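Student: sharing a sequence plus its predicted fold:
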Amino acid sequence: MGEILLSPAPLAPVSLAEVKAFLRIAASDEDALLAGLVRAAADTCEAFLGRVLIARDVAELIAASTAWTRLGAAPVRSIDGAAAIGADGSAEALPVSSYSIDIDAAGEGWVRLLEPRPGKRLRIGYSAGMAAEPNGVPEAVRQGIVRLAAHLYVHREAAEAGPPPAAVTALWRPWRRLRLG
């Protein structure tokens with residue numbers, strides 16, 4: 001796994017209205033705070049799951065190798081292209097015939113060069129995400145984000161937030177992506 005550059009999430013996986021309804025807040029004077037907590041909860045969810053929630057573009061720098069290399073973000077929706085990056089930072093788009101790609105049943109993306117390219121790194125462009133839009137994210141995952149945002153709101157004065165509550169991680173655990181080694 002190399003350096004991963006994710007484009008910003010186009011939308012939050014849950015709306016501000018959902019969080020306000022959960023907290024029973026009608027006023028709008030804390031909307032900015034709540035929106036920030038939703039973003040923080042969504043980021044925490046992605047880190048916990050090891051998955052991108054809403055589809056977005058990814059650029060990843062990996063070693064140029066003829067061995068299969070797993071891409072870091074998942075689930076991969078499409079692999080769009082590769083470029084060889086030289087030591088000086090110059091980029092050379094690679095023809096499709098010079099590398100192989102695969103997306104397995106688990107949504108893991110794999111790339112390998114067919115010919116060695118010494119002294120180069122690869123920049124792989126791809127799209128990753130569980131869903132194309134917020135309502136496509138599994139409801140348990142969305143509910144966990146709402147509950148974590150609410151938890152952060154209620155405990156905003158605490159010196160240490162601590163780990164996500166057990167009820168949140170229980171909602172997220174079935175979608176968690178674990179890796180061995």
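Tutor: Perfect, thanks for sending it. Numbering: from 1, shown residues only.
Student: what's the span of stretch 101-108 from first residue to last?
Tutor: The first and last residues of stretch 101-108 sit 11 Å apart, counting by CA to CA, to the nearest Å.
Student: any chance you could map the helices in the chain?
Tutor: Counting by DSSP state H, the chain has these helices, from start to end: 16-23, 31-49, 139-154, 166-172.
Student: residue 94 is nearest to which of these?
Tutor: helix 31-49 (29.1 Å; CB to CB). Quick note: C-beta positions are derived from backbone N, CA and C, even for glycine.
Student: low-scoring stretches of the protein, by residue?
Tutor: For the chain, applying pLDDT under 70 flags the ranges 1-2, 159, 161, 180-181.
Student: any idea which residue is closest to the centre of it?
Tutor: Central residue of the chain (CA atoms, centre = their mean): residue 52, 2.5 Å from the mean position.
Student: my guess is that one contacts residue 6. True?
Tutor: Yes. Under the criterion of CB atoms under 8 Å, residue 52 makes contact with residue 6 at 6.9 Å.
Student: common neighbours of these two, please.
Tutor: 58, 73 (CB atoms under 8 Å, 6 or more residues apart in numbering).
Student: pull the CA atoms of the longest strand belonging to the chain into PDB?
Tutor: Longest strand in the chain, counting residues (DSSP state E): strand 76-85. In PDB, the C-alpha atoms belonging to strand 76-85 read as follows (Å, rounded to 0.1, in the frame of the first residue of the first chain):
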ATOM      1  CA  VAL A  76     -12.800  -0.300  -5.700                       C
ATOM      2  CA  ARG A  77     -15.500   0.500  -8.200                       C
ATOM      3  CA  SER A  78     -13.200   1.000 -11.200                       C
ATOM      4  CA  ILE A  79      -9.500   1.300 -12.100                       C
ATOM      5  CA  ASP A  80      -9.100   4.200 -14.500                       C
ATOM      6  CA  GLY A  81      -5.400   4.300 -15.400                       C
ATOM      7  CA  ALA A  82      -1.800   4.200 -14.500                       C
ATOM      8  CA  ALA A  83       1.200   6.500 -14.900                       C
ATOM      9  CA  ALA A  84       4.900   5.800 -14.300                       C
ATOM     10  CA  ILE A  85       6.400   8.500 -12.000                       C
END
